[in-house]
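Visitor: Need a 3D model of the sequence below.
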Amino acid sequence: MGQTTTGQIVNLLSNDVNKFDEVTIFLHYLWVGPLQAAAVTALLWREMGPSCLAGMAVLVLLMPVQTLFGQLFSTFRGKTASHTDSRIRIMNEVVSGIRIIKMYAWEKPFAALVSEVRRKEISNIMSSSYLRGLNMAAFFVASKIILFITFTVFVLVGNEITASSVFVAMSLFGAVRLTVTLFFPSAIEKVAEARISVRRIKKFLLLEEIGYQNLCLSVTDQSQCMVEIQDLICYWDKTLDAPTLQNLSFSVKSEQLLAVIGPVGAGKSSLLSTILGELPPDRGVIKVKGELTYASQQPWIFPGTIRSNILFGKDLNPQKYERVLRACALKRDMELLPDGDLEVIGDRGANLSGGQKARVNLARAVYQDADIYLLDDPLSAVDAEVGRHLFEQCICGLLRKKPRILVTHQLQYLKSADQILVLKEGHMVARGTYSELLSSGLDFTSLLRREEEDEPTSPEPGHGPLGPSSSRTVSQSSMLSHGSSLLSVMDAAEQCAVEPTVGEESRSEGTVALGLYVKYYRAGANVFMLLVLVLLNLLAHITYILQDWWLAYWASEQKHLNVTQHVLNGHNATRQLDLDLYLGVYAGLTGAAVLFGFLRSMVFFKVLVRAAQTLHNRMFTSILRTPVLFFDVNPIGRVLNRFSKDIGHLDSLLPWTFVDFIQVFLQIVGVIIVAGVIIPWILIPIIPLLAVFLYLRRYFLRTSRDIKRLESTTRSPVFSHLSSSLQGLWTIRAFKAQERFQQMFDAHQDLHSESWFLFLTTSRWFAVRLDGLCSIFVTITAFGCLFLRHDLEAGGVGLALSYAITLVGMFQWGVRQSAEVENMMTSVERVVEYTELESEAPWETQKRPPPDWPRQGCITFEQMNFSYSRDGPLVLKNITATIRPNEKVGIVGRTGAGKSSLISALFRLAEPQGKISVDGILTSEIGLHTLRQKMSIIPQDPVLFTGSMRKNLDPFNQHTDEDLWNALQEVQLRGVVEEMPGRMETMLAEAGTNFSVGQRQLVCLARAILRTNRILIIDEATANVDPRTDELIQKTIRDKFKECTVLTIAHRLNTIIDCDRILVLDAGRIHEYDEPYVLLQDREGIFYKMVQQTGKTEAAALLHSAKQSFMNRSATCMVNGLLKAGKREGSCVLFETAL
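Guide: Numbers count the residues shown, from 1 in each chain. As a prediction, this is how the structure comes out:
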């Protein structure tokens, strides 16, 4: 997957695959066109002789020109597709990391990045659009040029123009015109584009696929299950000198627990990847006997219910399900959620806390009842109480009979492991039991300052005084009513046979509003340009009709002249037409038609492509400015669908269809006007025919339009499923769920294909009825000319009939294109919908704090309540607290207590009620960027973006190279970056997957160091790092942020025990707020019980640290007080000397 991106795959499915639909419509015209041209040539030869070859020569010359256009289309298509891949990839990263982007106030650099890629994409689209414009103009004027050349040669070689020759030629050229000048070049264009798409799809399909040759599932007895590795060497990237893993040897048998520890980037997750088969071995042997299952380090949650995430395709066994929920500490959470385990969770588990996602992820693996368990740091995202419960009740309880490989940084559990494997930089530093490692002389005890203790198994979290809090979606009433009886799992299974699903995408109904067309055109041009466009259209079609009328007039005048000559023949009088005049006017009208036709096409395409660019930019700006709640309730696929498929329509298909429709519509109007002028009474039957047509069109569009909308909305689940599957690819493969996910994808794709097929068949239904109407019109015109043959001019009759015959094909095509325009306008409708999303507060306001704000970093909450939506439940209630300048405050509480929500309120990710002020300035009165740029955050989920390391650290280019290297040095990443091929310019993989989770966390710390703000928020930033790296981070924070206000959310109590004060949250309320040592004096307090949950030895160490910090602070306060007193008394120097 390192050779492709989610954006590229989405683009392949949305735009490239669609090229096959387009090419099949026109493909056969590649042979029909030349064949039809040959047949027309033969018929014209009989009527006009060799003169017809002049016109056919023009037609033949157009073919290589159009072939050249096809090659150019192919070139531009390839370049456009590459830029579209980049744009969709960036959009995928923006939507996935929108919280981080907002908290870093990085919207502007990402907007600039997308704008630059979009500018390059539009440049190629505009070039191909101009080619389309030339093709469209060639279609419009080709028949006129051909007629002009044919009849110019015809009269210059001495022939006389007759109505017969004129209108036979017009009819035959009209018959071949659509095929040769529109469908044939369209076929070349579509084949050229399809070739590029085939090449891109082929390249993707030929990517190396993973093999499963190492897995051996022939196990009849649980005692035979094992994992054995001998002399293993692996490379993620063979261009690097050092292998990812080298010289590893160990085995894990039934009922054994292997704990894998090591610093960040040691290769722990890579080891599990090798066992899973994701990282192929370069050398060595891997033997796996038994069925594997896997719990990933970053929890993967797919859209659906919590139950469907846990069952993962397995049948519901109520007793087993109940045991898994209890073992994974989920039982209480399920009772507190409004719909229990049938609660629908959005994309990426948006409405679950980090700890809840980790436990659901673990429960999925446990429920599978596999033979071998690979657990990648499942304890890092939960607090000490829940962590102990998971280890004792789940890993060492429910799974005790299984071989287990546990990657962990929680060193207090190592005593319970049968084996411990210590990794460093891919090497096996040591392997053995806990006792063996302690006696080996390795620097192991420094990692184990806090030893495991003998303590009875703790009850399931939530049953003691430390009750669980809700997730962000739990109302206060549901928290208070947790004692009420609830349906058991068995009852729920009986009562809810069909699980709820993620909410469907909304779609408009009825006619596409006229105002939408106005918005579309105004996005591409001002009023003056639109008037110019209207004028060019009128001039093009007036000259188009006048050219044919002049030819008919010429033929009629020639006939009158011949009659007059016949009458005067006995008097030897000769009269001739002024050939120069007639040819000159004919040439002038032809030239005008060509000029206005080309100008009209060029301007039209420029306006419509510019409209696509403007609407894309507005939609992207709207997406960046909308609150984060939008992303919690809308899956990624739904958003990407707008930016891929819908914008793809606006870029290419809609402009072409619109221009074609306008051209054909004006031609149809011209035909009716010409027929009406020549035979006025023909307008009488046209009126009922028009009424029938309007009825049919309305009837058709009412269905077709909604089917097109349905087609668009059924496309979104395809992209959502794809994006979700790519995020959880390793989990899907580990669970051998590829076939099931393939079936789910096929189901989504089939639903979309059904709506697409319905759309095509309704179009065919309409086309047949249009042919019937056209046939009636031609019949009426023909019989009208026959009945009135004595009163009509031959030229006029010929013109009316040739136009009427042309109308048959043209009318069907024109109405089809009009319907297609309205159907494609649903894409404009969907894009415009996203340009009008609810917007968060302005990024900047007129009220701006001083440039050096905040000077102190004092944060005050007054009666603050917080909800993620206006009508949603309060997740924080009546928060009143003051965080003093330079104070270090630890924020603790059980998973889902509202810790991260407090940070969301501070950053105004949703607007809080009440007051939050920083250094006396209300955060609600200043711009979001002004606020967010002045606070640094190290987030719970580290996010890196595709691009260079430099851009990930400093997207605004505000810092020197020295600053960047120093920041990396502070977080111990300088050596890692220096070893990369491009050093600071090395391009990171999508989502930074070429770094471990811990290393990504360190990059986020480096960002915070560079920002040098007075306020730093740390949201469980050390959850995924080893204790030594944790100590490094804590030391860096103490040194670099000594003069800053620091808020630290942590599950590891040792990281916050030396804070100035601890703020304890539970159920969205502040329960305790004081110095750690003071809180530990209250044996009934929540914080005291949290410390006791860590075990006797760890609790004693924490108490000692809290006491030591308390004594140090007390001494510092005393010294500071004496210093101030000394200064007031003028004895400062004596006092300092005494010290």
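Visitor: for the host helix or strand of residue 94, packing partners?
Guide: Assigned by DSSP states H and E, residue 94 belongs to helix 52-96. Contact analysis of helix 52-96 by 3 or more CB pairs under 8 Å, 6 or more residues apart in numbering; DSSP states H and E lists helix 6-11, helix 29-48, helix 107-156, helix 163-178, helix 184-205, helix 579-625, helix 636-641 as its packing neighbours. (Each C-beta comes from the backbone N, C-alpha and C, glycine too.)
Visitor: do that again at 7 Å, thanks
Guide: Counting contacts by 3 or more CB pairs under 7 Å, 6 or more residues apart in numbering; DSSP states H and E, helix 52-96 packs against helix 6-11, helix 29-48, helix 107-156, helix 184-205, helix 636-641.
Visitor: buried residues in the fourth one?
Guide: The one in question is helix 184-205. Of all the residues in helix 184-205, those buried under the rule 16 or more other CB atoms under 10 Å are 184-197, 200-201.
Visitor: For burial, what's the neighbour tally of residue 515?
Guide: 9 (other CB atoms under 10 Å).
Visitor: Then it would be within a strand, right?
Guide: No. With DSSP: H, G, I helix; E, B strand; the rest coil as the criterion, residue 515 is located in helix rather than a strand.
Visitor: Quick check: the gap between it and residue 521.
Guide: Distance from residue 515 to residue 521, counting by CB to CB, to the nearest Å: 11 Å.
Visitor: swap in residue 1079?
Guide: Counting by CB to CB, the gap from residue 1079 to residue 521 is 66 Å.
Visitor: These two: which is more packed in?
Guide: Neighbour count, other CB under 10 Å: between residue 1079 and residue 521, residue 1079 has more, with 21 against 18.
Visitor: which residues touch that one?
Guide: 1062, 1072, 1085, 1087-1088 (CB atoms under 7 Å, 6 or more residues apart in numbering).
Visitor: So which of the residues you listed belong to helices?
Guide: Of the contacts of residue 1079, the ones assigned to helices by DSSP state H are 1087-1088.
Visitor: about what we covered before: nearest to residue 546, of the buried residues of helix 184-205?
Guide: Checking these against residue 546 with CB to CB, the nearest one is residue 185 at 26.1 Å.
Visitor: Spatially nearest residue to the closest one, not counting backbone neighbours?
Guide: residue 66 (3.9 Å; CB to CB, 6 or more residues apart in numbering).
Visitor: so what's the one you found up against?
Guide: 135, 184-185, 188.
Visitor: Columns pLDDT on top of these, output as JSON lines?
Guide: As requested, those are exported to JSON lines (pLDDT from 0 to 100):
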{"residue": "135", "pLDDT": "78"}
{"residue": "184", "pLDDT": "79"}
{"residue": "185", "pLDDT": "75"}
{"residue": "188", "pLDDT": "81"}
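Visitor: Between which two of those residues is the distance greatest?
Guide: Among these, 135 and 184 lie farthest apart (CB to CB), at 10.1 Å.
Visitor: Identify the residue spatially nearest to residue 770, adjacent ones excluded.
Guide: residue 812 (4.4 Å).
Visitor: again with residue 703
Guide: residue 762 is the one closest to residue 703 (CB to CB, 6+ apart), at 5.7 Å.
Visitor: need the contact list for the one you found.
Guide: 700, 703-704, 707.
Visitor: cool, and residue 1040?
Guide: Contacts of residue 1040 by CB under 7 Å, 6+ apart are 970, 1009.
Visitor: Now do the domain split for this protein, please.
Guide: The chain resolves into domains spanning 6-207+515-835, 244-425, 1096-1139 when parsed by automatic domain parsing.
Visitor: Mind putting those domains into CSV with distance to residue 978?
Guide: Formatted as CSV, the domains of the chain follow (distance: least, CB to CB, whole Å):
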stretch, distance to residue 978
domain 6-207+515-835, 25
domain 244-425, 14
domain 1096-1139, 36
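Visitor: Quick one: closest of these to residue 931.
Guide: Between residue 931 and those, the tightest spacing by CB to CB is seen for domain 6-207+515-835, at 8.3 Å.
Visitor: Where does the prediction get shaky in the stretch 201-350 of the chain?
Guide: 210-223, 239-241, 346-350 (pLDDT under 70).
Visitor: mind running it again at 50?
Guide: By pLDDT under 50, the low-scoring segments of the stretch 201-350 of the chain are 213-216.
Visitor: all strands of it, in order?
Guide: Secondary structure of the stretch 201-350 of the chain (DSSP state E, counting those that start in this stretch): strands at 215-216, 226-234, 245-253, 257-261, 281-289, 292-295, 304-305, 344-345.
Visitor: For those, give me JSON lines that also has distance to residue 54 and mean neighbour count.
Guide: Listed next are those as JSON lines, based on distance: least, CB to CB, whole Å; neighbours: other CB atoms under 10 Å:
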{"stretch": "strand 215-216", "distance to residue 54": "73", "mean neighbour count": "14"}
{"stretch": "strand 226-234", "distance to residue 54": "72", "mean neighbour count": "18"}
{"stretch": "strand 245-253", "distance to residue 54": "76", "mean neighbour count": "19"}
{"stretch": "strand 257-261", "distance to residue 54": "83", "mean neighbour count": "24"}
{"stretch": "strand 281-289", "distance to residue 54": "71", "mean neighbour count": "16"}
{"stretch": "strand 292-295", "distance to residue 54": "74", "mean neighbour count": "25"}
{"stretch": "strand 304-305", "distance to residue 54": "69", "mean neighbour count": "19"}
{"stretch": "strand 344-345", "distance to residue 54": "71", "mean neighbour count": "21"}
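Visitor: Can I get the ones you listed in JSON lines including distance to residue 888?
Guide: Output for the strands of the stretch 201-350 of the chain, formatted as JSON lines (distance: least, CB to CB, whole Å):
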{"stretch": "strand 215-216", "distance to residue 888": "49"}
{"stretch": "strand 226-234", "distance to residue 888": "42"}
{"stretch": "strand 245-253", "distance to residue 888": "39"}
{"stretch": "strand 257-261", "distance to residue 888": "28"}
{"stretch": "strand 281-289", "distance to residue 888": "46"}
{"stretch": "strand 292-295", "distance to residue 888": "33"}
{"stretch": "strand 304-305", "distance to residue 888": "41"}
{"stretch": "strand 344-345", "distance to residue 888": "34"}
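Visitor: Out of the ones you listed, which is closest to residue 946?
Guide: So among the strands of the stretch 201-350 of the chain, strand 226-234 is nearest, using CB to CB, at 24.3 Å.
Visitor: Relative to that closest one, what are the paired strands and their orientations?
Guide: Strand partners for strand 226-234, identified by DSSP bridges, are recorded as strand 245-253 (antiparallel), strand 281-289 (antiparallel).
Visitor: Export those strands to JSON lines and append columns for distance to residue 357.
Guide: Converted to JSON lines, these look like this (distance: least, CB to CB, whole Å):
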{"stretch": "strand 245-253", "distance to residue 357": "27"}
{"stretch": "strand 281-289", "distance to residue 357": "28"}
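Visitor: What ranges in this protein fall below the confidence cut-off?
Guide: 1, 213-216, 445, 447-501, 565-574, 1126-1139.
Visitor: returning to what we had before: which helix or strand contains the residue nearest to residue 703?
Guide: helix 738-787.
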